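J.: kindly return the folded structure for what I paste below:
(2 chains)
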Amino acid sequence: MSPPLLRIDDHGLFCEAGGFHIDPWRPVERAVISHGHGDHARWGSQAYLGAEPSVPILRRRLSEARIEGVPFGETVRMGEVAVSFHPAGHILGSAQIRVERGGEVWVFSGDYKRQADPTCEAFEPVRCHTFITEATFALPIYRWDPTEEVAREVLAWWDANREAGRASVLFCYALGKAQRLLGELARLTDRAVFVHGSVEPLNECYRQAGAAMLPTRTVSETARGKSFAGELVLAPPSAGGSTWMRRFGDASTAFASGWMRVRGTRRRRGFDRGFVLSDHIDWPDLLRTIEETGAERVLTTHGYADALARYLRERGMAAGTLSTPFQGETED
Amino acid sequence: MRRFAQLYEALDRTTSTNEKVAALVAYLSSAPPEDAAWAVWFLTGRRLKRFLPSRLLAGWAMAEAGIPDWLFEESYASVGDLAETISLVLDGRGEEASAPELPLSRWMSERLLPVRGLPEEEQRREVTGWWRGLPRWETFVLNKLLTGELRVGVSQTLVERALARIAGVPQPTIAHRLMGAWEPTASFYEGLFSPGVEEEDSSRPYPFYLASPLEQPVEELGTREEWLVEWKWDGIRSQLLRRGGDVHLWSRGEELITERFPELVRAAASLLPDGVVLDGEILAWREGRPLPFAVLQRRIGRKKLTDKVLAEAPVVFVGYDLLEEGGKDVRERSLGERREALEGILERARPLFQISSRVDAPTWEEVARVREEARDRGVEGLILKRLGSPYRAGRRRGDWWKWKIDPFTLDAVLVYAQPGHGRRANLLTDYTFAVWSGGELVPVAKAYSGLTDEEIATLDAWIRRHTVQKFGPVRSVEPVQVFELAFEGIAASPRHKSGIAVRFPRIARWRTDKRPDQADTLEGIRRLLDVPGTAVASK
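T.: Numbers count the residues shown, from 1 in each chain, chains lettered A, B, ... in the order given. From the prediction side, this is the model:
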């Protein structure tokens, strides 16, 4: 019996037959990257390979490194295996990574979602024998409402704050979630939005890729003493509670995240509002996707990996967990 | 129901007190009085007692959602709230052609209350039928009513404030009208707004005044002569009402406890004048000394009060204050005057009724010294009351202070953690601590509070990285972190592996400076069993 096509070593998810690691957490010779978030694209490897549309984002994060892009669906030979990237629907350029050797196919999902997102390529199910899936929200309590409804709620909140003369500070990840919100809101309004300094360069990447989003202005480039009453501000969660927040005066705060599905999480964090919006797969879509891949075996990573694997086993599937340091959607 | 659910949502969505009151005012002033009555009933923390066991609701929800019990448990551990967990796992099945809206009062009278007496299978059919007809948020609010834990971050005070604003009467008036037992009916609700002095319901108690912890140096309270100093007794704070020939005893938690203390009721009926209301403490008492609180608990815990229990746990009522005299509310008089009248009244009802003795230390310095005797006397410390003050309501700072003795402490090692509930669901905040016994760590206490939010987050992250084993939601962790626990006393307990039970344990400090081998030993702690004033129960 030959060794498994992909296995965990102390650097990452290793493909010995192809001589590369997928989303390695320590520097390696050759890294194949699913998408640009920090827990998947880490600094220090000698060469990186990613899906073509992810390259501008990877360059921002990894600067000097040797980065190559491959168009979605195109096959690259690496050692004994064929590697290809397929849209994961998570953020711009995010990919599932398909690895094939002698007719045996493995797919690493990376982070993914099935909901429509105007700012990135839609997820495509890929047939495989072994499917490695994320399990960030793999509990039956996680089920996303249609994005359009959430976007309308965000707008209604912003409108109510405008009326009350308050700023609306919406916390969200700088990469992916911010642009998705700007894209969704662009269908409902044309008002400009203020963004934290860490968000704007990523907006640029998205605009160059052709994403239609609301016009943005950077908070830090705004004249001192400017009132933000009635404005919407997008900022990463790390900006909450910092002195950066003071300039907004009386502001309503909200967090856009899958974790906001649970009241306790929102109340503990002390946000006025929580919008349930995630770039990860929810429970029903997760089960549907596993079915659509036709996989004989499922390996689960991060989040509720244990629960998902057990659930699948009880339904007669071969399933196990892979231990990785990927974080999925963190609460911060 | 929809409007009540919307009110709940509005309350849930804001952390601002003013916005909460505004939402309450908007609902209560526009809802039909029969609905508003139920809303007030629930929002002031009343619940449907012994209604549907949570276990049944959880079982029906699993079956409806088609998920195994362990997965439901795992979900519950993440959410921390059963009502919410059920509404989340049931979400997305698509409501049946939206059921016609039914007002809250009719939900209660036509559905929830009648379901109580039905056989289990019919209950199941009813409840699952409601679930199918309601959208997620309303399912959640319905479940909140069924499980009886509304917890929406609204205190009774906020409800009182909203009602007072609508009625245009002072908040204390509303507070008084909401005390005691009442039925959530339209006429009760409308009675809340009557402008005049209401006809007195003879069983209705007054709101309790509660002392705040003394945090400033005692000298800052002013001259010693302005203050009454009493021992802080550790019993059941109660109000005794002797009106129209009847006697009622209320606990601070607004439970009627009259039947638990027949000897007090008899003595009150024969020895106290009519038309008085006393504030005081019920204590288990023998030979001029209080018995441990655990002895008193037997009077509360037992289903049936046998002669044996009555004899084993003899009680007295130690009077603090006089709230009503000759059928008249005397709370506005000064404490000095009230206390004088109280002394006269209790004098005639000895020995089951006594006055809470005055601590006569003449200077603050002396008072501080006397406080050190508290433990030997079996009390928790001192209470300081301003002699010129009226009897206030609630925990209003300024006139009553509690000055407790410093707690005992021990250093223990964190061994298990599990997620908290409500606001702390998803965070590992329920901890079990152990001390050394013969080279082994033996659990001695569970504690849930005492850390800052920041420390909780840090510890949560540490636990996740250092979990040794998971048993459902409980994780055993590497025995590395040492905490100083504060507690009020210990008792021998054969039910615990350690052989002891500690009272009111809470985390005092995270001892990052200590190694686990520097934690305390069980033998050392057991020695406290012999120190007078520490042992809280003898069996």
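
J.: correct me, but residue A:118 touches residue A:214?
T.: No: taking contacts as Cβ atoms under 8 Å, residue A:118 lies outside contact range of residue A:214: 11.5 Å. Backbone N, C-alpha and C define where each C-beta goes, glycine included.

J.: neighbour-wise, which of those two wins?
T.: In terms of neighbours (other Cβ atoms under 10 Å in any protein chain shown), residue A:214 is the more surrounded of residue A:118 and residue A:214; the figures are 21 against 15.

J.: now the more buried one: how far from chain B?
T.: Taking Cβ to the nearest Cβ, to the nearest Å as the measure, residue A:214 falls 25 Å from chain B.

J.: show me what contacts that residue?
T.: Going by Cβ atoms under 8 Å, 6 or more residues apart in numbering or on different chains, residue A:214 touches A:182, A:185, A:186, A:189, A:190, A:191, A:192, A:193.

J.: how near is residue B:524 to residue B:500?
T.: 11 Å (Cβ to Cβ, to the nearest Å).

J.: okay, these two: which has more neighbours?
T.: residue B:500 (21 against 11).

J.: measure the more buried one to chain A for me?
T.: 33 Å.

J.: what's the local residue count around the spatially closest residue to that residue that is not a sequence neighbour?
T.: In space, and not counting its chain neighbours, residue B:500 is closest to residue B:490: 5.1 Å by Cβ to Cβ, 6 or more residues apart in numbering or on different chains. Using other Cβ under 10 Å, residue B:490 has 26 neighbouring residues.

J.: so residue B:490, which state does it fall into?
T.: Following DSSP: H, G, I helix; E, B strand; the rest coil, residue B:490 is assigned to strand.

J.: which residues touch residue 61?
T.: All of this refers to chain A. Residue A:61 neighbours (Cβ under 8 Å, 6+ apart): A:36, A:38, A:41, A:43.

J.: oops, chain B please
T.: Contacts of residue B:61 (Cβ under 8 Å, 6+ apart): B:72, B:85, B:86, B:89, B:90, B:131.

J.: at 7 Å what do you get?
T.: B:86, B:89, B:90 (Cβ atoms under 7 Å, 6 or more residues apart in numbering or on different chains).

J.: so which of these is the most crowded?
T.: That'd be residue B:86 among those, by other Cβ under 10 Å, with 31 neighbours.

J.: hang on, that one packs against residue B:57?
T.: Yes: using Cβ atoms under 7 Å, residue B:86 is in contact with residue B:57, at 6.4 Å.

J.: ok so, going back, between the contacts of residue B:61, which sits nearest residue B:357?
T.: residue B:86 (52.7 Å; Cβ to Cβ).

J.: the residue lying closest to that closest one once chain neighbours are set aside: which element?
T.: Closest residue to residue B:86 apart from its sequence neighbours, by Cβ to Cβ, 6+ apart: residue B:61 at 4.2 Å. If you go by DSSP states H and E, residue B:61 is part of helix B:54-65.

J.: just the buried positions in that helix, please.
T.: B:54, B:57, B:58, B:60, B:61, B:62, B:64, B:65 (16 or more other Cβ atoms under 10 Å in any protein chain shown).

J.: same check on stretch B:502-510?
T.: B:502, B:503, B:505, B:507, B:508, B:509, B:510.

J.: and the helix or strand hosting residue B:26, how far from the chain's centre?
T.: Residue B:26 is part of helix B:17-30 when elements are defined by DSSP H and E. On the basis of Cα atoms, centre = their mean, to the nearest Å, helix B:17-30 sits 25 Å off its chain's mean C-alpha point.

J.: again with stretch B:80-96
T.: So, by Cα atoms, centre = their mean, the centroid of stretch B:80-96 is 29 Å from its chain's centroid.

J.: list the buried residues for that stretch?
T.: Judged by neighbour count using 16+ other Cβ under 10 Å, the buried positions of stretch B:80-96 are B:80, B:81, B:82, B:83, B:84, B:85, B:86, B:87, B:88, B:89, B:90, B:91.

J.: check what pLDDT residue A:198 gets.
T.: pLDDT, residue A:198: 93.

J.: torsion angles phi and psi at residue B:137?
T.: phi -70, psi -40 (degrees, to the nearest 10).

J.: please name the nearest non-neighbouring residue to it.
T.: residue B:5 (5.6 Å).

J.: gap between the one you found and residue B:133?
T.: Residue B:5 is 13 Å from residue B:133, by Cβ to Cβ.

J.: same deal with residue A:254?
T.: The value you get for residue A:254 to residue B:133, if Cβ to Cβ is used, is 31 Å.

J.: neighbour count winner among those two?
T.: Each of residue A:254 and residue B:133 has its neighbours counted (other Cβ under 10 Å); residue A:254 has more, 25 against 17.

J.: what residues are bridge-paired with the more buried one?
T.: Note on residue A:254: beta-bridge partners by DSSP bridges are residue A:170, residue A:273.

J.: isn't it right next to residue A:155, touching?
T.: No: assessed by Cβ under 7 Å, residue A:254 is found out of contact with residue A:155, at 11.9 Å.

J.: strands along the stretch 251-400 of chain B, start to end?
T.: Ranges of strands within the stretch 251-400 of chain B are B:276-286, B:289-290, B:315-325, B:328-329, B:353-355, B:381-386, B:400-404, based on DSSP state E, counting those that start in this stretch.

J.: so which of these gets nearest chain A?
T.: The minimum distance between chain A and the strands of the stretch 251-400 of chain B falls on strand B:400-404, with 29.3 Å, by Cβ to the nearest Cβ.

J.: sheet partners, orientation included, of the closest one?
T.: Short version: by DSSP bridges, strand B:400-404 pairs with strand B:212-213 (parallel), strand B:381-386 (antiparallel).

J.: export it to CSV, keeping only CA atoms.
T.: Only the C-alpha atoms of strand B:400-404 are listed here, as CSV (Å, rounded to 0.1, in the frame of the first residue of the first chain):
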residue,chain,number,x,y,z
TRP,B,400,-26.5,50.8,54.6
TRP,B,401,-23.1,49.2,54.3
LYS,B,402,-21.9,45.7,54.8
TRP,B,403,-18.4,45.3,56.2
LYS,B,404,-17.6,41.6,55.9
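
J.: CA atoms only: put stretch B:155-163 into CSV for me.
T.: These are the backbone C-alpha positions of stretch B:155-163, laid out as CSV (Å, rounded to 0.1, in the frame of the first residue of the first chain):
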residue,chain,number,x,y,z
SER,B,155,-34.0,44.1,35.8
GLN,B,156,-37.1,44.4,37.8
THR,B,157,-36.0,48.0,38.4
LEU,B,158,-36.1,48.8,34.7
VAL,B,159,-39.6,47.4,34.3
GLU,B,160,-40.7,49.5,37.4
ARG,B,161,-39.1,52.6,35.8
ALA,B,162,-41.0,52.0,32.6
LEU,B,163,-44.3,51.5,34.4
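
J.: residues contacting that stretch, please?
T.: B:17, B:20-21, B:24-25, B:28, B:40, B:43-45, B:171, B:174-175, B:178, B:192, B:394.

J.: go through the contacts of residue B:61 and flag which are in helices.
T.: If you go by DSSP state H, the contacts of residue B:61 have B:86, B:89, B:90 in helices.

J.: wouldn't the last one be in contact with residue B:130 here?
T.: No: taking Cβ under 7 Å as the contact criterion, residue B:90 and residue B:130 are not neighbours in contact, 10.9 Å apart.
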